[in-house]
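>>> Structural data only, the sequence is not supplied:
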């Protein structure tokens, strides 16, 4: 086989079947004229080689990515100046191809064809490697589409798009730049309706409005009002310019496409100043109940964006000078030390949180994370009475000062439940958090842990699974799988409990509780050697561990404490 690197251009006529259905002879005549008068000469001018014609589709090979992209832009520009019915979608990939006679095969060909399928009518869609190759060498602006899951392509492909409007000047009336907000800020631009069906405009706009409302419930986030962001509806947008005009750090944009009874929503969150991607996702759903679908997609988008935004803010604060940090910055610097739930790291977070509270004594979020730090040290770091008192004190402060902060309420409720063993107060805090933000994944994660330990297997599993749906890549998902494993263990569903325990370990291998769950489930599954290995790892990570202390510290319900203790004793852990 002969292999070589090539840029592959795949093109397709927009609405070809419909054109053929209404005027077969006329469409074929237009297509023949298009190829003879425009397509073939422009391909030759840019050093392309036509590999094959497939009805309305064409595959072209180029030795240069720059030639391929310039050729695509020239084709679309020429077609936009004609009055004929022929309009193209074009996709371009740069990759290794297999040459067999006059034909070519390979991933480069397949990806180019899939990129063409997601290009806009009259537009061009290119892969990230093509964009990197041409971005400083062509006179055109491409907008990132984020990671795209392409049909029959194993891994997501980051894609970039160009439309006929991309190089036209921005024409929003208000172009004066606003001063950036002094807190995290986002504008949600109107999503593009890619269906070609004006009736779906209401669905798309309604969903965007609901996303704006959902994000506005995040108390640490400033969200641009609908009237300001919808001024960009139907207009080409330069993300960096929109960020300056609206005075925001982040821009959320997206599109919706309805085909038959299915709808596809894509969204991408972009840091306006740098143009870098913070988050991108695609959702495919059946279009049955329009209002239920709108609610589900809104909840998923808001839930996914919150942790992504927080991580982006953490990365931004890392770039600031240590002598220029305010209370909010100090909390962000502390968070990465808290999420692993390891006592040594929690001890590093506490001084940052205490400094934040010196600057703002009523800062609910700082109190919430401080409560969690004390709980971690108390539970797994041989903590003392001062940690128990510190956890309870900061938890009460988080709840008292965090009536508008779902995260602070959740952290306070968790610490109250874990340390003070007041499950009723914990539940009240979780319910208050969900009334503020029904898509707060952390509330479901922490609430699922409290429920599982209290012997409520059903709610522990239900809330854990809901957290996974809302935030599948959450850094706290080791807690989610812990709850599911605990619940399955209580139900005596040991195979499922063991699988969930493995997920705990995979998410946080240095968390001693992950290995404890592995030890217990492996005993129940008759895998004694694996159970003893997991038990040994528990003692490595937590040398002073005892089963009785573990059950007492976490106030585990007898329904699960007894079978769990017996399994742990059999695995070799000390009573």
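Happy to help now that I have it. If you're wondering where the values come from, they're calculated on a predicted model, not measured in any experiment.
>>> which residues of the stretch 201-350 of the chain score low on pLDDT?
Scanning the stretch 201-350 of the chain for pLDDT under 70 picks out 323-324.
>>> how about the strands of it, start to end?
For the stretch 201-350 of the chain, the strands defined by DSSP state E, counting those that start in this stretch occupy 222-223, 250-259, 262-271, 277-286.
>>> Any idea which of these gets closest to residue 521?
Taking Cβ to Cβ, strand 277-286 is the member of the strands of the stretch 201-350 of the chain nearest to residue 521, at 32.3 Å. No exception for glycine: its C-beta is placed from N, CA and C like everyone else's.
>>> returning to what we had before: in CSV: the strands of the stretch 201-350 of the chain, plus mean neighbour count.
What follows is the strands of the stretch 201-350 of the chain, written out as CSV (neighbours: other Cβ atoms under 10 Å):
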stretch, mean neighbour count
strand 222-223, 20
strand 250-259, 22
strand 262-271, 21
strand 277-286, 17
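>>> mind checking which of those is nearest residue 426?
Residue 426 lies closest to strand 222-223 among the strands of the stretch 201-350 of the chain, at 29.2 Å (Cβ to Cβ).
>>> what pairs with the closest one, and is each one parallel or antiparallel?
strand 185-188 (parallel) (DSSP bridges).
>>> partner strands of the following helix or strand past the partner strand, parallel or antiparallel?
For strand 185-188, the following helix or strand on the C-terminal side (DSSP states H and E) is strand 192-193. Strand 192-193 has its sheet partners listed here by DSSP bridges as strand 250-259 (parallel).
>>> coming back round to it: and the strands of the stretch 201-350 of the chain as a markdown table, adding distance to residue 453?
Formatted as a markdown table, those follow (distance: least, Cβ to Cβ, whole Å):
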| stretch | distance to residue 453 |
| --- | --- |
| strand 222-223 | 36 |
| strand 250-259 | 37 |
| strand 262-271 | 35 |
| strand 277-286 | 32 |
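>>> Show me the one of these that comes nearest residue 545.
Once the strands of the stretch 201-350 of the chain are compared by Cβ to Cβ, strand 277-286 is nearest, at 38.4 Å.
>>> Which residue, neighbours along the chain excluded, lies closest to residue 189?
Excluding its sequence neighbours, the residue lying closest to residue 189 (Cβ to Cβ, 6 or more residues apart in numbering) is residue 253, at 4.7 Å.
>>> From what I see, that neighbour and residue 186 are in contact.
No - taking Cβ atoms under 8 Å as the definition, residue 253 is not a contact partner of residue 186, at 10.9 Å.
>>> thinking again about what came up before, can you name the residues that contact the residue nearest to residue 189?
Contact analysis of residue 253 by Cβ atoms under 8 Å, 6 or more residues apart in numbering lists 189, 191, 237, 239, 267-268, 270.
>>> Identify all residues paired with it through a beta bridge.
residue 268.
>>> for the protein, where's the lowest mean pLDDT among helices and strands?
Least confident element among the helices and strands of the chain, by mean pLDDT, DSSP states H and E: helix 226-229 (a mean of 76).
>>> number of nearby residues for the spatially closest residue to residue 302 that is not a sequence neighbour?
With Cβ to Cβ, 6+ apart as the criterion, residue 302 has its nearest non-adjacent residue at 3.8 Å, and that residue is residue 214. Counted by other Cβ atoms under 10 Å, the residues lying close to residue 214 total 22.
>>> Low-confidence ranges, this protein, go.
1, 102, 164-183, 196-199, 323-324.
>>> before we move on, the earlier item: touching, the residue nearest to residue 302 and residue 298? I think so.
Yes - counting by Cβ under 8 Å, residue 214 sits close enough to residue 298 to count as a contact (5.7 Å).
>>> Surely residue 467 is in contact with residue 440?
No - contact between residue 467 and residue 440 fails when scored by Cβ under 8 Å: they sit 9.4 Å apart.
>>> ok so, going back, out of the strands of the stretch 201-350 of the chain, which comes closest to residue 40?
Ranking the strands of the stretch 201-350 of the chain by proximity to residue 40 (Cβ to Cβ) places strand 250-259 first, at 31.4 Å.
>>> That closest one versus strand 277-286: what angle between them?
20 degrees (axes from the mean of the first three to the mean of the last three Cα atoms, to 10 degrees).
>>> residue ranges of the strands in this structure, please?
For the chain, strands defined by DSSP state E occupy the ranges 2-13, 49-54, 57-62, 88-100, 103-105, 124-127, 143-148, 157-162, 185-188, 192-193, 222-223, 250-259, 262-271, 277-286.
>>> Nearest to residue 496 among those strands would be which one?
Per Cβ to Cβ, nearest to residue 496 of these: strand 277-286, 26.9 Å.
>>> Pairing partners for that closest one, with directions?
strand 262-271 (antiparallel).
>>> what residues does the strand it pairs with touch?
With Cβ under 8 Å, 6+ apart as the contact definition, strand 262-271 has outside contacts at 144-146, 148, 186, 191, 200, 203, 207, 239, 249-258, 276-287, 293, 297, 301, 305, 308-309, 312.
>>> cool, and stretch 108-122?
Here stretch 108-122 makes contact (Cβ under 8 Å, 6+ apart) with 6, 8-12, 14-15, 59, 76, 79-80, 87-97, 125-127, 145, 148, 150-153, 157, 159, 161, 163-164, 194.
>>> Counting neighbours, which of those end up buried?
When the contacts of stretch 108-122 are checked for burial by 16 or more other Cβ atoms under 10 Å, the buried set is 6, 8-12, 14-15, 59, 76, 79, 87-95, 97, 125-127, 145, 148, 150, 157, 159, 161, 163-164, 194.
>>> Over to stretch 520-538 now: how far is its first residue from its last?
Terminal residues of stretch 520-538 lie 12 Å apart, using Cα to Cα, to the nearest Å.
>>> ok now that stretch, how far from the chain's centre?
34 Å (Cα atoms, centre = their mean, to the nearest Å).
>>> Give the buried residues for that stretch.
Buried residues in stretch 520-538, counting neighbours by 16+ other Cβ under 10 Å, are found at 520-524, 527, 530-535, 537-538.
>>> Report the two of those residues separated the most.
524 and 537 (17.9 Å).
>>> picking up where we left off before, between residue 214 and residue 298, what contacts are shared?
Joint contacts of residue 214 and residue 298 (Cβ under 8 Å, 6+ apart) are residue 439.
>>> State the number of residues packed around residue 420.
If you count neighbours by other Cβ under 10 Å, residue 420 ends up with 16.
>>> Roughly how far does it sit from residue 374?
Distance of residue 420 to residue 374, given as Cβ to Cβ, to the nearest Å: 12 Å.
>>> try residue 492
For residue 492 relative to residue 374 (Cβ to Cβ), the value is 35 Å.
>>> Compare these two (neighbour count), which wins?
Neighbours per residue (other Cβ under 10 Å) separate residue 492 from residue 374, with residue 374 holding more: 26 against 9.
>>> Am I right that residue 299 is in contact with residue 214?
Yes - if you go by Cβ under 8 Å, residue 299 and residue 214 touch, sitting 7.2 Å apart.
>>> JSON lines for the buried residues of stretch 520-538, including distance to residue 342?
Below are these laid out as JSON lines (distance: Cβ to Cβ, whole Å):
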{"residue": "520", "distance to residue 342": "21"}
{"residue": "521", "distance to residue 342": "22"}
{"residue": "522", "distance to residue 342": "23"}
{"residue": "523", "distance to residue 342": "25"}
{"residue": "524", "distance to residue 342": "27"}
{"residue": "527", "distance to residue 342": "27"}
{"residue": "530", "distance to residue 342": "24"}
{"residue": "531", "distance to residue 342": "23"}
{"residue": "532", "distance to residue 342": "24"}
{"residue": "533", "distance to residue 342": "21"}
{"residue": "534", "distance to residue 342": "18"}
{"residue": "535", "distance to residue 342": "19"}
{"residue": "537", "distance to residue 342": "14"}
{"residue": "538", "distance to residue 342": "14"}
